[in-house]
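>>> Fold the stuff below for me.
(chains A and B)
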Amino acid sequence: MTPPSTAVLHQPLTLEFDYTRSLGPVLSQYMSGLAAKQVLGAVLSDGRVAVPPPEYDPVTHEQISRMRPVSDEGVVVTWSWVAEPLPDQPLDHPFAFALVLLDGADVPLLHAVDAGSPDAIRTGMRVRARWADERVGSVRDLASFEPAADTAPGPVPTGETSGAEGITMTSTPVRLAYDYAASPEESAFGRGLKEGRILAQACPVCHKVYVPPRGACPVDGVPTKDPIELPDTGIVTTFCIVNVPFLGQRITPPYVSAYVLLDGSDIAFLHLILGVDASEVRMGMRVKAVWRPEGERSYSMETISHFEPTGEPDAEYETYRRHL
Amino acid sequence: MTKTPAAVIGVGQTHYRAKREDVSMPGLLREAIDRALADAQLTFADIDAVVVGKAPDLFEGVMMPELFLADAIGATGKPMIRVHTAGSVGGSTAIVAASLVQSGVHDRVLTVAFEKQSESNAMWALSIPVPFTMPVHAGAGGFFAPHVRSYIRRSGAPTEIGAMVAAKDRNNALKNPYAHLRNPDTTVESVLASQMLWDPVRYDETCPSSDGACAMVIASEGAVSASDVKNPAWIHGQVMRSEPLAYAERDQANPWAGRDAAAHLWKSTGISDPRREIDCAEIYVPFSWFEPMWMENLGFAGEGEGWKLTAQGVTALTGDLPVNMSGGVLSSNPIGASGMIRFAEAALQVMGEAGEHQVDGARRALGHAYGGGSQFFAMWVVGSEPL
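Take a look at the predicted model:
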């Protein structure tokens, strides 16, 4: 069993964004149709009708110019049972993902069939659309399909297009949840921070001191080793003053984002400079770490709240110019 | 075995805008592709393979968009390759396409690169808070601004150099019908007066966020002869180089990979004095100060001397080494396409088709792109005659 002290550190990382999709002329008609409880297929150059519509003909490569309504009923072509639905899937209870060939279409549509149990669905079974109560011009307007075993095929809608329009944009919320696992070296570094120590490693070939430690020297490609404890003092090599607010920002601007080169190390890392007016921060300025109180320390670099000037004379440019 | 000579025989661009809400992602690519095919006087049936590039998938939130784009970009039944090298991707995509022709594998390759930044927010996508690190990251500007400060300190360049580059490129953009930013009254003074975003980088010294795509058709010597195109842009040489994001004593203002790539490019194209032998250049300048930085990195000027080319007007449209005649990345930045636009604009110059921003008599031009934390470089030299 691995002793807990050498296990790697983990932290959840969740990325979320509501992406937009400008639909263009073809998908605009399709989405607008769905909002009006109408399924539109693309008429392809060989006469087949495809739902959902491709934007360009697979043979001629021309943009689709003809759309035709098809029925919202059809036949299951094949299916797969989803015993344990995931969040955001079309149904929150077990269902089938199925290829449904709508009456009037020549290409099946992938969708959810609310069949109740895997015994209640089969290839060739008739199904009908279950529409969302509130329709906004989204693929989710067609919520799912349900068995319609007792119905005969209805008439296929006629006409070239419904003239549906108006929906030109849709939203696609994306959420990615990761378990971020730190490397063994990064984990040892994080544990050091929690104890108020800065633990670097050196390359056995070039002897450059890396902080945070990397696990391998990027130049020589060999494992870095031998933890080296560094002081929490150093210099600002270069920096910028961030005045820009942006989505997801965790520090309120303006703030100084600086490369800090610790005494005894050979690579600078980015950190925050406080305790001095931003306009007073200089290249070569001597700085010292300001640690969070012991009860607030974590395995993160944020355990060092920021760096602040020591008041010592600035380092000479020649001493750090090779670190720029 | 020698390479098959290859040339650009068609170029197509979309109009670059903050939001192209009138077209879908496939529609945006098709706009550029259809124009490139028309320029080459070809149809999809003539194309042997398609090479597509874009920057990180997080920008649009579509994983592997090349798969859903395959139909629209005419790749059905043909080889398709997607390339990704961050901001340099437009350049490396063109290089992969050129290599497929030079190697004798294909005769006519369509290459296209794009970004539809309005579907998302690049600043957010480039500032993901990585666990256990200090959350001071602030987009590309926040990453590059400290290195700009290093360059200014190292070279002793006057403060207004960055503003001179921005004013030049914004005025050049007025001559390019595809350019995104069209600010007719940009002057050095107005740039200096704009808001300081990532000190020392001002608002007017930064690139916009654009939607757009750029496409080219690259053809073998035989396919050029068989075509009706009389003014191809012959590819004299191309190069890519990479280096790690961070290592001890890495030169961030004048990266090794860029210097090494340029040295290889000049040698392989028989150029001994690029400052004299290159007629004009489209280089990847997303923040104005990168013009003097890359002029040094590329070997057009000695270390610490690049800013003097800007100051002396050498890089102006009327100078003797014009840079970013199209308005550059500073005026249009659909990130994934930006590198290909540089390559394509270099081609347009030697084809004599650059319109109002044409450099008279341009016979040899450089296209350049970089990406990541100045880690990935892609460049080519094109000429009006075969090498």
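
>>> residues from the stretch 151-300 of chain B in reach of chain A?
For the stretch 151-300 of chain B, the contact set with chain A under CB under 8 Å from any CB of the partner chain comprises B:153-154, B:195-201, B:244, B:246-249, B:251-253. Quick note: C-beta positions are derived from backbone N, CA and C, even for glycine.

>>> Just the buried ones out of those residues, please.
Using 16 or more other CB atoms under 10 Å in any protein chain shown as the burial test, these include B:153-154, B:196-201, B:247-248, B:251-253 as buried.

>>> Quick check: pLDDT value at A:Leu142.
As predicted, A:Leu142 sits at a pLDDT of 96.

>>> what's across from it in the sheet?
Beta-bridge partners for A:Leu142, by DSSP bridges, are A:Trp131.

>>> if we can go back for a sec, the buried ones among the residues of the stretch 151-300 of chain B next to chain A in strands, which ones?
Residues of these located in strands (DSSP state E): B:196-199, B:201.

>>> could you dump these to a markdown table with pLDDT and distance to A:Tyr320?
Formatted as a markdown table, those follow (pLDDT from 0 to 100; distance: CB to CB, whole Å):
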| residue | pLDDT | distance to A:Tyr320 |
| --- | --- | --- |
| B:Met196 | 95 | 24 |
| B:Leu197 | 93 | 26 |
| B:Trp198 | 94 | 21 |
| B:Asp199 | 93 | 20 |
| B:Val201 | 96 | 21 |
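
>>> Which of the residues you listed sits closest to chain A?
Comparing those against chain A with CB to the nearest CB places B:Asp199 closest, at 3.7 Å.

>>> Which residue, other than its chain neighbours, is closest to that closest one?
Excluding the flanking residues, the one nearest B:Asp199 by CB to CB, 6 or more residues apart in numbering or on different chains is A:Ile241, at 3.7 Å.

>>> surely the one you found meets B:Leu197?
No - in this structure A:Ile241 lies outside contact range of B:Leu197 using CB atoms under 8 Å: 9.2 Å.

>>> and B:Met379, bridged to which residues?
Counting by DSSP bridges, B:Met379 is bridged to B:Val239, B:His368.

>>> Counting neighbours, what do you get for it?
Neighbour count of B:Met379, defined by other CB atoms under 10 Å in any protein chain shown: 32.

>>> right, and it touches B:His264 too?
No - counting by CB under 8 Å, B:Met379 does not reach B:His264; the two are 9.1 Å apart.

>>> Need the overlap of contacts for those two.
By CB atoms under 8 Å, 6 or more residues apart in numbering or on different chains, B:Met379 and B:His264 have these common neighbours: B:Val239.

>>> before we move on, the earlier item: now distance to A:Glu308 too, for the buried ones among the residues of the stretch 151-300 of chain B next to chain A, in TSV please.
Formatted as TSV, these follow (distance: CB to CB, whole Å):
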residue	distance to A:Glu308
B:Arg153	22
B:Arg154	26
B:Met196	23
B:Leu197	24
B:Trp198	21
B:Asp199	19
B:Pro200	22
B:Val201	25
B:Tyr247	28
B:Ala248	25
B:Asp251	29
B:Gln252	24
B:Ala253	27
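
>>> any idea which of those is closest to A:Gly74?
Closest to A:Gly74 out of these is B:Leu197 (54.7 Å), distances taken as CB to CB.
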